[in-house]
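Novice: A structural model of the following input is requested.
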Amino acid sequence: MDFPKVVMVKQRFPVGKIEDIKAHLTAELENQLHSVKKGASIAITVGSRGISNRVLIVRTIVDHLKKQGAKPFIIGAMGSHGGGTPEGQMDVLQSLGFTEDTMGCPVRTSSTVVEVGETESGFTLYCDTHAWESDGIIILNRVKLHTAFRGPNESGLLKMITVGLGKAKGANQLHRQGPPNMSKTVQEVGQGMIETGKILAGIAIVENSFDETAILEVIKPQSILDREQELLLRSKEYFPRIPIGQLDLLVVKKMGKNFSGTGMDTNVLGRTKIFGVPEPESPSYKRIGVLNLDDSSHGNATGIGLADFTTERLFQKLDRQKTYLNCLTSTYVQRAMIPMVLNTDQELVKTAIDSLAVDDPTSLRMAIIENTLELERLYLSENLIEEAGEQVEVLSSPEPIPFTKDGELEYFSEGAGGHK
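Specialist: Below you'll find the predicted structure:
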């Protein structure tokens, strides 16, 4: 079969980042969090996402608290991820660089929660046991579009309170409300927890299109809801997308929880796979293939059901227990369904093209990306370059899809075509 030739391109995204993370955050902490009692035990939430500079950010928070005489510790706050077990969540934290040695403080995980109250609508306020037993909690998270629901507050500090601290019970309570009601639920549960007085501050991160820290703010508890809404709007300005809204085939080299809560960001794919919820009109990709599962996802292949095709390599890495638990907790079981499994990357692409039943495969509209988080560089089929226009910088002439002799895709970030 003749495959479409592809061109390596670099997207032009809005630029804006914090150059000195430590100095910036230290100034924020000294301004907003300067009255911590000596000897107070302070929990700092760390979730399962791959967030740039987070090790430095958390270490800066720890050093600031210790300087004030407090006793900080890190709490694994990731809902049902890591298999929902303390051991699994500890593995996730360690793989992300959070250990007692690197942080200079204890790292704790737990699967148990305490019920600390109830909201006006009857939602239970769940809180991680270790966090609730502390003298105060600092909520740290990235603010961005969610992959399942829309609203004034989506993925951010309130969701970290609701799901991260709420563990599997908090996650299940939220997802049972369904996408139309989830933003309102995180607002009510998040505010309910804030009103307990246990939350000392929120620390919000907004990343630019290059996964660099663009905004880093320490927010007083009573301001979290409103300020998060403003930061969500800012995050949308930075959100990276594929420059073409209509494709015949999208190939994703790697998926994983470290890239998105759904393994592959639904906002990038244009697929949600939530029963009863219409799929977005754009982007619209007829076929999606995913080639591999990142090791940092620890076998959790949540979101595999968003694809039409995958590889034996990915399938063998899949941990059913972790994947099923995640999808059952969210109630989005379609996202755990296994697509067609092919032996090699090359066979996947060939099969996907065959399924489109076109007379001239070289005319297909195709894109290849590393993952749904890192979209600065990608391959586009040569027939899309003019359509992409000034949004991209062309880095190569049209060339065959770079498969090795074993049929594995050699992506440009690994040196294919001599580009870095």
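
Novice: as PDB, could you dump the C-alpha coordinates of stretch 71-84?
Specialist: Output in PDB follows, covering the C-alpha atoms of stretch 71-84 (Å, rounded to 0.1, in the frame of the first residue of the first chain):
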ATOM      1  CA  LYS A  71       5.800  20.400  59.400                       C
ATOM      2  CA  PRO A  72       4.700  19.900  55.700                       C
ATOM      3  CA  PHE A  73       4.000  16.500  54.100                       C
ATOM      4  CA  ILE A  74       2.800  15.500  50.700                       C
ATOM      5  CA  ILE A  75      -0.500  13.700  50.200                       C
ATOM      6  CA  GLY A  76      -1.300  11.600  47.200                       C
ATOM      7  CA  ALA A  77      -4.500  13.100  45.900                       C
ATOM      8  CA  MET A  78      -5.700  11.300  42.800                       C
ATOM      9  CA  GLY A  79      -9.100   9.800  43.200                       C
ATOM     10  CA  SER A  80      -9.100   6.200  42.100                       C
ATOM     11  CA  HIS A  81      -5.800   6.400  40.200                       C
ATOM     12  CA  GLY A  82      -2.900   4.100  41.000                       C
ATOM     13  CA  GLY A  83      -5.400   1.300  41.300                       C
ATOM     14  CA  GLY A  84      -7.000   3.100  44.200                       C
END
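
Novice: any buried residues in that stretch, and which?
Specialist: Under the neighbour-count criterion of 16 or more other CB atoms under 10 Å, stretch 71-84 has 71-84 buried. To be clear about C-beta, it is placed using only N, CA and C from the backbone, and glycine gets the same treatment.

Novice: return the distance of it from the chain's centre.
Specialist: 16 Å (CA atoms, centre = their mean, to the nearest Å).

Novice: what of stretch 199-213?
Specialist: That offset, for stretch 199-213, works out to 13 Å (CA atoms, centre = their mean).

Novice: try stretch 332-347
Specialist: On CA atoms, centre = their mean, the centre of stretch 332-347 falls 20 Å from that of its chain.

Novice: so for it, mean pLDDT?
Specialist: Mean pLDDT, computed over stretch 332-347, is 96.

Novice: hmm, back to that, in strands, which of the buried residues of stretch 71-84 fall?
Specialist: Applying DSSP state E to the buried residues of stretch 71-84, the entries found in strands are 71-76.

Novice: what sits against the most centrally placed residue in the chain?
Specialist: By CA atoms, centre = their mean, the mean C-alpha position of the chain lies nearest to residue 260, the distance being 2.7 Å. By CB atoms under 8 Å, 6 or more residues apart in numbering, the contact list for residue 260 reads 49, 147, 266, 303, 372-373.

Novice: with residue 203 instead?
Specialist: Residue 203 makes contacts with 25, 28, 57, 61, 138-141, 157, 216-219, as judged by CB under 8 Å, 6+ apart.

Novice: now, these that are in helices?
Specialist: Within the contacts of residue 203, residues falling in helices by DSSP state H are 25, 28, 57, 61, 157.

Novice: any idea how far the fourth one is from residue 236?
Specialist: In this view, residue 61 and residue 236 are 26 Å apart by CB to CB, to the nearest Å.

Novice: higher neighbour count, the two?
Specialist: Each of residue 61 and residue 236 has its neighbours counted (other CB atoms under 10 Å); residue 61 has more, 25 against 13.

Novice: where's the nearest residue to that one once chain neighbours are set aside, which helix or strand?
Specialist: In space, and not counting its chain neighbours, residue 61 is closest to residue 44: 5.7 Å by CB to CB, 6 or more residues apart in numbering. Secondary structure from DSSP states H and E places residue 44 in strand 41-46.

Novice: ok so, going back, among the contacts of residue 203, who's most crowded?
Specialist: residue 157 (31 neighbours).

Novice: and that one, what pLDDT?
Specialist: Looking at residue 157, the pLDDT reads 97.

Novice: that one contacts residue 219, correct?
Specialist: Yes - shown here, residue 157 and residue 219 form a contact pair, counting by CB atoms under 8 Å, at 7.4 Å.

Novice: so what sits against both of the two?
Specialist: The contact lists of residue 157 and residue 219 share 202-204, 228, where a contact means CB under 8 Å, 6+ apart.

Novice: now, these that are in strands?
Specialist: Among the shared contacts of residue 157 and residue 219, the ones falling in strands (DSSP E) are 202-204.

Novice: how does this protein divide into domains?
Specialist: As assigned by automatic domain parsing, the chain contains the domains 6-13+240-412, 33-238.

Novice: right, so of those domains, which gets closest to residue 20?
Specialist: Among the domains of the chain, the nearest to residue 20 by CB to CB is domain 33-238 (10.4 Å).

Novice: ok, back up a step: strand 71-76 and the strand holding residue 44, what's the angle between them?
Specialist: 30 degrees (axes from the mean of the first three to the mean of the last three CA atoms, to 10 degrees).

Novice: shouldn't residue 272 be within a strand?
Specialist: No - Residue 272 is assigned coil when assessed by DSSP: H, G, I helix; E, B strand; the rest coil, not a strand.

Novice: so residue 216 makes contact with residue 27?
Specialist: No - using CB under 8 Å, residue 216 is not in contact with residue 27; the gap is 10.2 Å.

Novice: helices along the stretch 1-150 of the chain, start to end?
Specialist: 21-32, 54-67, 86-95, 100-103, 129-132 (DSSP state H, counting those that start in this stretch).

Novice: indicate which one of these is closest to residue 271.
Specialist: helix 86-95 (25.4 Å).

Novice: go through that closest one and flag the buried ones.
Specialist: So, applying 16+ other CB under 10 Å, buried residues of helix 86-95: 86, 88-93, 95.

Novice: cool, and stretch 158-177?
Specialist: For stretch 158-177, by 16+ other CB under 10 Å, it's 158-175, 177.

Novice: from the residues you listed, which land in helices?
Specialist: Mapping the buried residues of stretch 158-177 onto helices (DSSP H) picks out 158-159, 167-175.

Novice: residue ranges with poor pLDDT in the protein?
Specialist: For the chain, the stretches with pLDDT under 70 are 412-420.
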